[in-house]
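Peer 1: Just need the structure, nothing else, for what follows:
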Amino acid sequence: MSLTKQLVDIASNKRLKLTTAESCTGGMVSAAITDIPGSSNVFERGFVTYSNAAKIDLLGVSADTLEEHGAVSEQVADEMAKGALRLANASLAVSITGIAGPGGSQFKPEGRVCFGLAMSGRNIRCETVEFGALGRQNVRQHATDHALTLLLAAVDEASAAD
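Peer 2: Numbering: from 1, shown residues only. The predicted model follows:
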(Lines give C-alpha, C1' and ligand atoms only; values in the text may rest on other atoms or scores of the structure.)
Protein backbone atom coordinates (compact mmCIF):
# COMPACT_ATOMS: atom_id res chain seq x y z
CA MET A 1 0.00 0.00 0.00
CA SER A 2 1.36 3.40 -0.93
CA LEU A 3 2.31 6.01 1.62
CA THR A 4 -0.40 8.35 0.39
CA LYS A 5 -3.08 5.62 0.45
CA GLN A 6 -2.10 4.84 4.06
CA LEU A 7 -2.35 8.53 4.91
CA VAL A 8 -5.81 8.87 3.39
CA ASP A 9 -7.08 5.63 4.97
CA ILE A 10 -5.85 6.43 8.48
CA ALA A 11 -6.96 10.08 8.33
CA SER A 12 -10.37 8.94 7.10
CA ASN A 13 -10.73 6.39 9.90
CA LYS A 14 -9.76 9.05 12.45
CA ARG A 15 -12.00 11.67 10.77
CA LEU A 16 -9.08 14.07 10.40
CA LYS A 17 -9.11 16.90 7.87
CA LEU A 18 -5.85 17.73 6.09
CA THR A 19 -4.66 20.92 4.43
CA THR A 20 -1.46 21.97 2.71
CA ALA A 21 0.43 25.23 2.30
CA GLU A 22 2.91 24.79 -0.54
CA SER A 23 5.46 27.03 -2.15
CA CYS A 24 8.27 25.26 -4.02
CA THR A 25 6.19 22.11 -4.60
CA GLY A 26 3.44 24.12 -6.31
CA GLY A 27 0.59 21.83 -5.24
CA MET A 28 2.33 18.49 -5.66
CA VAL A 29 1.41 17.34 -2.14
CA SER A 30 -2.23 18.28 -2.70
CA ALA A 31 -2.17 16.46 -6.04
CA ALA A 32 -0.65 13.33 -4.48
CA ILE A 33 -3.38 13.24 -1.83
CA THR A 34 -6.23 13.90 -4.23
CA ASP A 35 -4.96 11.17 -6.57
CA ILE A 36 -6.22 8.69 -3.98
CA PRO A 37 -9.88 7.59 -4.14
CA GLY A 38 -11.64 8.64 -0.94
CA SER A 39 -9.40 11.66 -0.40
CA SER A 40 -12.47 13.91 -0.42
CA ASN A 41 -13.20 12.52 3.05
CA VAL A 42 -9.95 13.97 4.42
CA PHE A 43 -8.57 16.69 2.17
CA GLU A 44 -10.03 20.09 2.98
CA ARG A 45 -8.01 22.39 0.68
CA GLY A 46 -4.55 23.30 -0.48
CA PHE A 47 -2.90 26.69 -0.60
CA VAL A 48 -0.26 27.28 -3.28
CA THR A 49 1.53 30.40 -2.11
CA TYR A 50 4.51 30.70 -4.39
CA SER A 51 5.09 34.43 -3.99
CA ASN A 52 5.71 36.34 -0.78
CA ALA A 53 2.55 38.36 -1.50
CA ALA A 54 0.52 35.14 -1.65
CA LYS A 55 2.02 33.95 1.65
CA ILE A 56 0.96 37.24 3.24
CA ASP A 57 -2.47 37.56 1.57
CA LEU A 58 -3.64 33.94 1.72
CA LEU A 59 -1.99 32.58 4.87
CA GLY A 60 -1.33 35.64 7.01
CA VAL A 61 2.45 35.25 7.02
CA SER A 62 3.97 38.39 8.50
CA ALA A 63 5.81 40.70 6.12
CA ASP A 64 8.26 41.30 8.98
CA THR A 65 8.99 37.56 9.22
CA LEU A 66 9.62 37.38 5.48
CA GLU A 67 11.86 40.45 5.65
CA GLU A 68 13.84 39.21 8.65
CA HIS A 69 14.21 35.51 7.81
CA GLY A 70 13.40 35.17 4.10
CA ALA A 71 10.80 32.94 2.49
CA VAL A 72 12.95 29.84 2.92
CA SER A 73 13.01 29.64 6.69
CA GLU A 74 11.45 27.63 9.47
CA GLN A 75 9.85 30.84 10.74
CA VAL A 76 7.93 31.25 7.48
CA ALA A 77 7.11 27.52 7.35
CA ASP A 78 5.71 27.89 10.89
CA GLU A 79 3.47 30.80 9.94
CA MET A 80 2.36 29.09 6.72
CA ALA A 81 1.29 25.94 8.58
CA LYS A 82 -0.51 27.89 11.31
CA GLY A 83 -2.32 30.02 8.75
CA ALA A 84 -3.42 27.02 6.69
CA LEU A 85 -4.63 25.14 9.76
CA ARG A 86 -6.65 28.12 10.94
CA LEU A 87 -8.10 29.14 7.58
CA ALA A 88 -9.01 25.63 6.44
CA ASN A 89 -10.45 24.68 9.83
CA ALA A 90 -8.48 21.46 9.44
CA SER A 91 -7.03 18.99 11.93
CA LEU A 92 -3.57 18.89 10.39
CA ALA A 93 -1.55 21.16 8.10
CA VAL A 94 1.80 20.76 6.41
CA SER A 95 3.74 23.64 4.89
CA ILE A 96 6.65 23.62 2.48
CA THR A 97 8.94 26.44 1.40
CA GLY A 98 12.29 25.94 -0.27
CA ILE A 99 14.74 26.41 -3.10
CA ALA A 100 14.12 23.81 -5.76
CA GLY A 101 16.71 25.27 -8.09
CA PRO A 102 18.52 25.92 -10.14
CA GLY A 103 20.42 28.37 -8.07
CA GLY A 104 20.45 29.29 -4.45
CA SER A 105 23.09 31.12 -2.48
CA GLN A 106 25.89 30.48 -0.04
CA PHE A 107 23.44 30.95 2.83
CA LYS A 108 20.41 29.27 1.24
CA PRO A 109 21.61 26.59 -1.16
CA GLU A 110 19.63 24.77 -3.79
CA GLY A 111 17.79 21.85 -2.26
CA ARG A 112 17.10 23.49 1.11
CA VAL A 113 13.46 22.98 2.06
CA CYS A 114 11.72 24.03 5.27
CA PHE A 115 8.65 22.20 6.53
CA GLY A 116 6.04 23.07 9.12
CA LEU A 117 3.55 20.68 10.66
CA ALA A 118 0.62 22.06 12.64
CA MET A 119 -1.99 19.93 14.37
CA SER A 120 -4.97 21.07 16.39
CA GLY A 121 -4.11 21.16 20.08
CA ARG A 122 -0.39 20.42 19.59
CA ASN A 123 2.78 22.45 19.29
CA ILE A 124 3.89 23.16 15.76
CA ARG A 125 6.98 21.34 14.51
CA CYS A 126 9.35 22.76 11.94
CA GLU A 127 12.41 21.30 10.29
CA THR A 128 14.81 22.00 7.46
CA VAL A 129 16.01 19.30 5.09
CA GLU A 130 19.01 19.74 2.81
CA PHE A 131 18.19 17.61 -0.23
CA GLY A 132 21.15 19.01 -2.17
CA ALA A 133 21.42 20.15 -5.77
CA LEU A 134 19.49 17.21 -7.22
CA GLY A 135 17.81 19.25 -9.92
CA ARG A 136 14.52 21.10 -9.70
CA GLN A 137 12.14 18.20 -10.29
CA ASN A 138 14.00 15.86 -7.93
CA VAL A 139 14.05 18.41 -5.11
CA ARG A 140 10.34 19.03 -5.57
CA GLN A 141 9.58 15.28 -5.57
CA HIS A 142 11.72 14.63 -2.49
CA ALA A 143 10.03 17.55 -0.71
CA THR A 144 6.60 16.16 -1.63
CA ASP A 145 7.51 12.70 -0.36
CA HIS A 146 8.92 14.16 2.85
CA ALA A 147 5.77 16.21 3.47
CA LEU A 148 3.60 13.12 2.96
CA THR A 149 5.82 11.20 5.40
CA LEU A 150 5.42 13.98 7.97
CA LEU A 151 1.64 13.91 7.54
CA LEU A 152 1.51 10.12 7.88
CA ALA A 153 3.62 10.19 11.04
CA ALA A 154 1.35 12.87 12.53
CA VAL A 155 -1.79 10.93 11.64
CA ASP A 156 -0.26 7.79 13.19
CA GLU A 157 0.64 9.83 16.28
CA ALA A 158 -2.93 11.08 16.49
CA SER A 159 -4.10 7.48 16.20
CA ALA A 160 -1.81 6.36 19.02
CA ALA A 161 -3.02 9.19 21.25
CA ASP A 162 -6.65 8.03 20.97
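
Peer 1: could you point out which element follows the helix or strand hosting Phe115?
Peer 2: Assigned by DSSP states H and E, Phe115 belongs to strand 112-119. Following strand 112-119 in sequence order, the next helix or strand is strand 125-130 (DSSP H and E).

Peer 1: Which strands or helices does the strand holding Phe115 pack on?
Peer 2: Applying 3 or more Cβ pairs under 8 Å, 6 or more residues apart in numbering; DSSP states H and E, we find strand 112-119 packed against helix 74-88, strand 92-98, strand 125-130, helix 136-161. (C-beta placed from N, C-alpha, C; glycine too.)

Peer 1: Can you check which of the ones you listed gets nearest to Val8?
Peer 2: Closest to Val8 of these is helix 136-161 (Cβ to Cβ; 9.4 Å).

Peer 1: Now tabulate the helices and strands packed on strand 112-119 in CSV and tack on mean neighbour count and mean pLDDT.
Peer 2: Shown next, in CSV, are the helices and strands packed on strand 112-119 (neighbours: other Cβ atoms under 10 Å; pLDDT from 0 to 100):
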stretch, mean neighbour count, mean pLDDT
helix 74-88, 24, 98
strand 92-98, 30, 98
strand 125-130, 15, 98
helix 136-161, 18, 91
